[in-house]
Each structure stands twice: as structure tokens, then as C-alpha cells.
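Enquirer: no letters, just coordinates:
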């Protein structure tokens, strides 16, 4: 009963975040080890570009205007619908960005290695923010709120998050936490999610133990099936990097044709669950509240449908 009540609180938090983006409408500096940024002089009228759906959500919640955005399949805030686009999150159009003369281009830090050299070569000012965990999401909200004069809105959003998490942790007292293996599907292959990945961090934040632990900053590891079997997880969660339908078809074939999976206790007990791709993506978004609903039902309930039968 405590968990159900807490999920209601999480839903209220999600609503409050959305309201914050409606009520308030509207140069980079390093604030933590998780934020990679190029130093630029502050200007009175910032010209900002968001290069991912997750960063657009943050700017919308803070009530900050943009001059351009990335292409995305997600539902856009009304004020951003007609903005010019500058390519996708993983393949930004640097020529289009340069033409817009931005003061800051903001995107997730998972893309630093591939995109930073291109930005440097084009002399584009940038900030890469940590969206690899829910904590990173709210740290980024605080940083951007302080930078662009939305401190009060940011503080309210963060305070609501902290209150919700405190209630959730209290509700977890006495619950038996499962040991969980999280697999991310790719067309024709899969990788294991570490606690440094967004989905992996969500699992631990929801009270469970991620059985894949590493001493590095790796988000994902390619461990063979025998190594995963030795971890003996209570549950296996399945998600996708992209093309979720193809990824789930791959998992269906993998469990049907690779006999070693039959030796997993989680498979024997039908404790294998597919996660919603739109909720459990690569970057932390405000959909984490829905993710908590799903994980809570999987970990502590008994109505979530098994992926295998």
C-alpha cells in the first residue's frame, strides 16, 4: 500500500514539472565533472540550441526559449514546434548551427567523443550535460537554471524530485529487492547495462541490485552468456538502443534458440520482462516517473506480463 501511495506522489511531481514549463516562459561554464563545456563570454540575450529531445524537455520545464532544436520523434512543446532543426542528436548539422550563431549548443554528454571534435573544428560553443541518471538530470536542471536566470523554477523542480524520492525510499522499507540483469538489444546482438547507464541506474534507484557491476565508467559491457549465467539474476529486463521492434524480435529468437538461457533461474521462473522503449531510453527524461511505476510493479507487484511463456 505504501508503494501505491508513493507512485501517486511521483505522478504529482511529473504534473508539477509540466506546469513549471507552462507557467514560466522565457555563457556556459563547467559546474561538475559530468558537464563538458566550452567557455564563452556571457551575453544579455542567449541564443540557445537543444540537440536532443531530453535537453528540449529541460529547457521547456525551465521556461527558456530556443532558437533551434534537433529533429525528434517525441512530442514537442508547442513553443518549439516551428523552430528550425539542426539534424539529429547523434548527427547534428554543424553548418546549420554555425549559420544560426548560437551562444550555447546543449546536448547529452554520452555524445562527447563523437561530436565535440566537430564542434571544436567549427568553433561552436557547447555544453554537454549528464543525462545518464535521474540525479544527473536534476543536477543539469540546477546548472542550466542558474546559468540562464531560472533559479527559482529549477529549485522548485529539484525540491519536488527530492521530496518524491524521500517518500519512495521510505515506502521501500521492508520490501525484498531483486537482483536484476538489464540487457539492451541491438539488431542482431545485445549488451548488458551497467549502473552507469540510464536504465541501469534506474534499476538501482528503484531499490533493486544491478548484477552487472564494473570498476570503470562504462555504460554497457559485452559479456558472454556464460558470464551472465554465473551472476544468477532474479530477473532479466530487456530494453533497446533503437529499432525496438527488431530488438525484441532478436531477443525472442535468442531465448528460443540459445539453450543456455534455459539454465537461467530467471527464465525458468518466467521473470523476464520487456521495458517500454519510449519510457526507458538512452537519456534521462521526465518520463522517469513512468519508469518508476513500471519498475515498481515488476519488482514488487505481480501483474506485469512476462516476455517469455
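Expert: Cool, got the structure. Please read these numbers as outputs of a predicted model, since none were measured by experiment.
Enquirer: if I look at the closest residue to residue 151 other than its chain neighbours, how far off is residue 155?
Expert: Leaving aside its sequence neighbours, residue 151 sits nearest to residue 145 (CB to CB, 6 or more residues apart in numbering; 5.2 Å). All C-beta spots, glycine's among them, are computed from the backbone N, C-alpha and C. Look at residue 145 and residue 155: by CB to CB, to the nearest Å, they are 7 Å apart.
Enquirer: re the thing from before, now the residue nearest to residue 151: which helix or strand?
Expert: helix 134-147 (DSSP states H and E).
Enquirer: what are the buried residues along that helix?
Expert: Residues of helix 134-147 classed as buried by neighbour count (16 or more other CB atoms under 10 Å): 134, 136, 137, 138, 139, 140, 141, 142, 143, 144, 145, 147.
Enquirer: shaky segments in the stretch 1-150 of the chain?
Expert: 1-44 (pLDDT under 70).
Enquirer: quick one on the thing from earlier: my guess is the residue nearest to residue 151 contacts residue 156, does it?
Expert: No - in this structure residue 145 lies outside contact range of residue 156 using CB atoms under 8 Å: 9.5 Å.
Enquirer: mind listing the strands for the stretch 151-300 of the chain?
Expert: Shown for the stretch 151-300 of the chain, the strands assigned by DSSP state E, counting those that start in this stretch span residues 179-186, 189-193, 209-210, 220-221, 235-240, 272-274.
Enquirer: go on, the stretch 1-150 of the chain?
Expert: Using DSSP E, counting those that start in this stretch, strands in the stretch 1-150 of the chain cover 36-37, 48-50, 68-69, 104-108, 126-129.
Enquirer: distance to residue 242 added to these, as TSV?
Expert: Putting those into TSV (distance: least, CB to CB, whole Å) gives the following:
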stretch	distance to residue 242
strand 36-37	24
strand 48-50	20
strand 68-69	20
strand 104-108	15
strand 126-129	20
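Enquirer: and the ones you listed: which comes nearest residue 200?
Expert: strand 104-108 (15.7 Å; CB to CB).
Enquirer: could you say what helices and strands the helix holding residue 145 packs with?
Expert: helix 53-62, strand 126-129, helix 151-172, helix 198-205 (3 or more CB pairs under 8 Å, 6 or more residues apart in numbering; DSSP states H and E).
Enquirer: mean neighbour count and distance to residue 96 added to these, as CSV?
Expert: Formatted as CSV, the helices and strands packed on helix 134-147 follow (neighbours: other CB atoms under 10 Å; distance: least, CB to CB, whole Å):
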stretch, mean neighbour count, distance to residue 96
helix 53-62, 25, 16
strand 126-129, 26, 15
helix 151-172, 17, 29
helix 198-205, 24, 28
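Enquirer: turn those into a markdown table, columns for distance to residue 293.
Expert: Shown next, in a markdown table, are these (distance: least, CB to CB, whole Å):
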| stretch | distance to residue 293 |
| --- | --- |
| helix 53-62 | 18 |
| strand 126-129 | 25 |
| helix 151-172 | 11 |
| helix 198-205 | 12 |
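Enquirer: any idea which of the ones you listed gets closest to residue 240?
Expert: helix 198-205 (10.1 Å).
Enquirer: that closest one - contacts with which helices or strands?
Expert: helix 134-147, strand 179-186, strand 189-193, strand 209-210, strand 235-240, helix 288-300.
Enquirer: so how many other residues sit close to residue 122?
Expert: The local packing of residue 122 (other CB atoms under 10 Å) involves 12 other residues.
Enquirer: so it makes contact with residue 92?
Expert: No - Residue 122 lies out of contact with residue 92 (CB under 8 Å); the separation is 10.0 Å.
Enquirer: between the helices and strands packed on helix 198-205, which one is closest to residue 52.
Expert: Checked against CB to CB, the stretch from those lying closest is helix 134-147, at 11.6 Å.
Enquirer: ok so, going back, I'd like the strands of the stretch 151-300 of the chain as TSV, with distance to residue 295, mean neighbour count and mean pLDDT appended.
Expert: Shown next, in TSV, are the strands of the stretch 151-300 of the chain (distance: least, CB to CB, whole Å; neighbours: other CB atoms under 10 Å; pLDDT from 0 to 100):
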stretch	distance to residue 295	mean neighbour count	mean pLDDT
strand 179-186	9	22	94
strand 189-193	13	20	93
strand 209-210	12	20	94
strand 220-221	19	19	94
strand 235-240	8	25	96
strand 272-274	9	22	96
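Enquirer: thanks a lot, catch you later.
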